[in-house]
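Q: Sequence and predicted structure, then a few things I'm wondering about:
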Amino acid sequence: MAAAPHTIGLTGAIASGKSTALEILGRLGAATISADGIVHELLDAEPLRSRLIDRWGDQILAGAAAGGGEIDRAAVGRIVFADPAELAWLEAQIHPLVGERIAAWLAGAPAAAEFAAAEIPLLFEGELHSAFDTTVAIVAADRLRNSRAEARGHALTPERERLQLPQSEKAERADHVVTNDGTPEQLEAELAALLATLAARARR
């Protein structure tokens with residue numbers, strides 16, 4: 001009987017390169033999933049969609065279509081960035097649902113995969129780290145994170161940054177830290193070396 005995959009909880013600050021790291025892990029053979037992708041699905045599905053509309057009204061619907069339309073994530077962001085209480089309420093709705101999806105995915109991860117990696121920006125904030133065999137923080141210099149965020153049209157404002165633990169704390173809490181200050185090729189080399197280390201430990 002094949003052993004279950006070694007599970008990796010992948011996190012990092014905004015614009016550190018988490019999504020790129022997840023893509024690389026997938027190319028290296030890991031089964032992968034993204035919490036952001038799960039949240040996208042949850043926002044337009046029940047029960048979360050109705051909860052958000054009940055609390056904030058049609059202003060959070062794309063095109064302000066009464067009773068219809070997709071949830072406008074930017075509109076939700078403007079509300080929660082401006083009000084910590086609203087952010088706390090939203091997190092209380094989302095974190096349990098994301099946790100359930102991640103747990104189900106881990107339980108069904110293909111045994112043929114040596115690794116199963118989940119990208120979770122709020123891995124530690126949402127207390128999801130204990131579900132994984134190993135946690136990895138992707139870190140990058142602030143100037144690089146700023147330039148990457150600006151290239152995506154999202155400046156690293158204090159409001160956005162306060163949604164997560166400081167990068168230094170994520171790194172301190174993670175089992176492994178991978179620095180992403182160079183090229184994608186360098187990041188891939190770092191991640192390949194990490195997987196090799198984890199595989200060697202498992203064989204011992």
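A: Here it is on my side, so go on.
Q: any idea how far residue 85 is from the residue positioned nearest the centre of the chain?
A: For the chain, residue 120 is the residue whose C-alpha lies nearest the centre (C-alpha atoms, centre = their mean; 2.6 Å). To residue 85, residue 120 is 23 Å away according to C-beta to C-beta, to the nearest Å. Placement of C-beta: from N, CA and C, glycine included.
Q: re earlier: measure the residue nearest to the centre of the chain to residue 82 for me?
A: 25 Å.
Q: isn't residue 61 right up against residue 72?
A: Yes - between residue 61 and residue 72 there is a contact under C-beta atoms under 8 Å: 6.3 Å.
Q: Shouldn't residue 121 be within a strand?
A: No - using DSSP: H, G, I helix; E, B strand; the rest coil, the assignment for residue 121 is coil, not a strand.
Q: Just list what the longest helix seen in the chain packs against, helices and strands only.
A: Assignment by DSSP state H gives helix 84-107 as the longest helix of the chain. In terms of contacts (3 or more C-beta pairs under 8 Å, 6 or more residues apart in numbering; DSSP states H and E), helix 84-107 is packed against helix 35-43, helix 48-56, helix 73-82, strand 115-119.
Q: Most tightly packed of these?
A: strand 115-119 (a mean of 26; mean count of other C-beta atoms under 10 Å).
Q: quick one, domains of the protein?
A: Domain segmentation of the chain under automatic domain parsing yields 7-31+116-196, 38-94.
Q: how far out from the middle of the chain is the longest one?
A: Distance of domain 7-31+116-196 from the chain centroid (C-alpha atoms, centre = their mean, to the nearest Å) equals 8 Å.
Q: Any idea how far apart the tips of it sit?
A: 14 Å (C-alpha to C-alpha, to the nearest Å).
Q: next SSE after the least confident helix or strand in the chain by mean pLDDT?
A: Least confident element among the helices and strands of the chain, by mean pLDDT, DSSP states H and E: helix 158-161 (a mean of 70). Next helix or strand after helix 158-161 toward the C-terminus (DSSP states H and E): helix 167-173.
Q: Mind listing what's buried along that following helix?
A: 167, 170-171 (16 or more other C-beta atoms under 10 Å).
Q: try stretch 104-111
A: Those would be 105-106, 109, for stretch 104-111 by 16+ other C-beta under 10 Å.
Q: repeat for stretch 128-138
A: 128-129, 131-138.
Q: Can you lay out these as TSV showing pLDDT, secondary structure and distance to residue 191?
A: Listed next are these as TSV, based on pLDDT from 0 to 100; DSSP: H, G, I helix; E, B strand; the rest coil; distance: C-beta to C-beta, whole Å:
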residue	pLDDT	secondary structure	distance to residue 191
128	91	coil	20
129	94	helix	19
131	93	helix	20
132	96	coil	16
133	95	coil	16
134	97	strand	12
135	98	strand	14
136	98	strand	8
137	98	strand	13
138	98	strand	9
